[in-house]
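S.K.: Pasting the sequence and the predicted model now:
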Amino acid sequence: MDHVSVVVADLDAAIAFFAELGMELEGKAPIEGRAAERVNGFDDLRVTIAMMRTPDGLGKVELTKFHSPVAISAEPDPAPSNTLGIRSIMFEVDDIEDTVARLRPHGADLVGEIVRYEDVYLLCYVRGPQGIIVALAEKLR
């Protein structure tokens, strides 16, 4: 897998959110033109993308802001965790409580609660900008 793409309304807020998870901004660029229009199935396509790289350098998240056509929202908004389609991206973190606390100033809220999964992980879902759901896992030592 090369990357996961997430469509966002506020690109700067999404960059800040994923940076707080330890991801690094690899680059930001406008994308338009006939090839992009053909791939996406839209005329007059104009987007800005930001590529975020995971700390280990093995994974990437592409954040995409649509300028034309304007992005649409899922219904209901925010969509619950049982909505069809890709609903979350999971990150392993060293301290789940600290990570949640650091994400709150970026608009993050717990979807449910932090739970202990057997004696292996602490797990939770956090809803971030534009309803993005991020799963967090802290391996218990």
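M.R.: Received the coordinates, thanks.
S.K.: Now do residue 102 against residue 85, distance only.
M.R.: 27 Å (Cβ to Cβ, to the nearest Å). Using the backbone N, CA and C atoms, a C-beta is placed for each residue, glycine as well.
S.K.: the more surrounded of the two?
M.R.: residue 102 (14 against 6; other Cβ atoms under 10 Å).
S.K.: so that one is in which element?
M.R.: Residue 102 is part of helix 96-103 when elements are defined by DSSP states H and E.
S.K.: Tell me which other helices or strands that helix touches.
M.R.: helix 11-20, strand 121-127, strand 133-139 (3 or more Cβ pairs under 8 Å, 6 or more residues apart in numbering; DSSP states H and E).
S.K.: neighbours of the closest residue to residue 117 other than its chain neighbours, just the number please.
M.R.: In space, and not counting its chain neighbours, residue 117 is closest to residue 123: 5.1 Å by Cβ to Cβ, 6 or more residues apart in numbering. Residue crowding around residue 123 was assessed by other Cβ under 10 Å; the count is 17.
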